[in-house]
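Visitor: how would this look folded up:
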Amino acid sequence: MLPAVHLRSAVALAGRFPALSGVDLTVAAGEVVVVLGPNGAGKTSLLRTCAGLLTVTSGQAEVLGEDLRQDPTNVRLRVGLLGHAAPLYDELTAAENVRFAVRAARLPVTRVDAALERLGMVGRLRRTPVGRLSAGQRRRVALAALVARAPDLWLLDEPHAGLDAATRRLLADLVEEAARSGAAVLFSSHEPDLAVPLADRSVTMSGGRVAGECRGGRRPALSAVPPSSRAADVA
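Guide: The predicted model follows:
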């Protein structure tokens, strides 16, 4: 089985400036990997590169079997990136935002209601324009969109930020469920106490490279289903 992420000496640019300076990283399907390191180490750039949003100029860079140096756009429908700023439209309701994300990924909207319910965005909250929601509620809408899309690769940039304790516990469940269904999860964190127990491995970045790695705290699943075999309505 091809790895979900395979980077070898990968160099990526943000505009004209180097964002990654020779990254080596492999993430298997069904694996959860947390990326640690100080601000400026390259964590966000790594996630954006895997999402096909930064230009890879040298080295190997393959995500879900797609060569990012050839055409990074092919991978975008199959990955889900949750960054610092949730990709939401303020004038749309929570339900409309999730529905839009699902349609943009060319997936059935039948996934939407279950995802909103899972994240507690029901009743008045699902009908409220996102611009009137709190930061934590907006984060939950963005997570609902990710759950509804059920991508083959989850890319989460500081996913615990802005979440209350209950939603952090739910996030842990969602990450575990995604991995057990065969998706790979790659996420960055400044909170190792929360992040490392969720991961199979933790890698540390410095200067745009992976500087080291160690075992995480997640108990490996007995088996993982390949992404192509996952049920269409995972939520």
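
Visitor: quick check: the gap between the residue nearest to the spatial centre of the chain and Leu81.
Guide: The residue lying closest to the centre of the chain (CA atoms, centre = their mean) is Leu155, at 1.9 Å. Applying CB to CB, to the nearest Å, the value for Leu155 to Leu81 is 4 Å. C-betas here are computed from N, CA, C, even on glycine.

Visitor: mind listing the shared neighbours of those two?
Guide: 47, 51 (CB atoms under 8 Å, 6 or more residues apart in numbering).

Visitor: now do the strands in this protein.
Guide: With DSSP state E, the ranges of strands along the chain come out as 5-14, 17-27, 32-36, 55-63, 66-67, 79-82, 153-157, 184-188, 201-206, 209-215.

Visitor: end-to-end on stretch 60-69?
Guide: 8 Å (CA to CA, to the nearest Å).

Visitor: no, scratch that, I was asking about stretch 57-75
Guide: For stretch 57-75, the end-to-end distance is 17 Å (CA to CA).

Visitor: neighbouring contacts of that stretch?
Guide: So stretch 57-75 is in contact with 2-13, 22-23, 49-53, 55-56, 78-79, 152-153, 227, going by CB under 8 Å, 6+ apart.

Visitor: in TSV, list the strands of the chain along with distance to Val175 and mean pLDDT.
Guide: Listed next are the strands of the chain as TSV, based on distance: least, CB to CB, whole Å; pLDDT from 0 to 100:
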stretch	distance to Val175	mean pLDDT
strand 5-14	16	96
strand 17-27	13	94
strand 32-36	6	97
strand 55-63	19	96
strand 66-67	23	96
strand 79-82	11	95
strand 153-157	7	97
strand 184-188	5	97
strand 201-206	14	96
strand 209-215	17	93
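
Visitor: for Leu125, find the nearest of those.
Guide: Closest of those to Leu125 is strand 79-82, at 18.8 Å (criterion: CB to CB).

Visitor: for the protein, give me the ranges with low pLDDT.
Guide: Along the chain, the model assigns pLDDT under 70 to residues 219-235.

Visitor: all helices in it, in order from the N-terminus.
Guide: 43-50, 94-104, 112-118, 124-127, 135-149, 165-180, 192-195 (DSSP state H).

Visitor: okay, how far is it across stretch 89-107, tip to tip?
Guide: Per CA to CA, stretch 89-107 runs 19 Å from first to last residue.

Visitor: just how off-centre is it within its chain?
Guide: 17 Å (CA atoms, centre = their mean, to the nearest Å).

Visitor: what does it rub up against?
Guide: So stretch 89-107 is in contact with 77, 87-88, 108-109, 111-112, 115-116, 121, 125-131, 133, 137, 141, 144-145, 148-151, 232, going by CB under 8 Å, 6+ apart.

Visitor: related to what we said a few turns ago, now a PyMOL select for only the buried ones of the contacts of stretch 57-75.
Guide: To isolate the buried ones among the contacts of stretch 57-75 in PyMOL, judged by 16 or more other CB atoms under 10 Å, type:
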select buried, resi 3+4+5+6+7+10+11+12+22+23+49+50+51+52+53+56+78+79+152+153+227
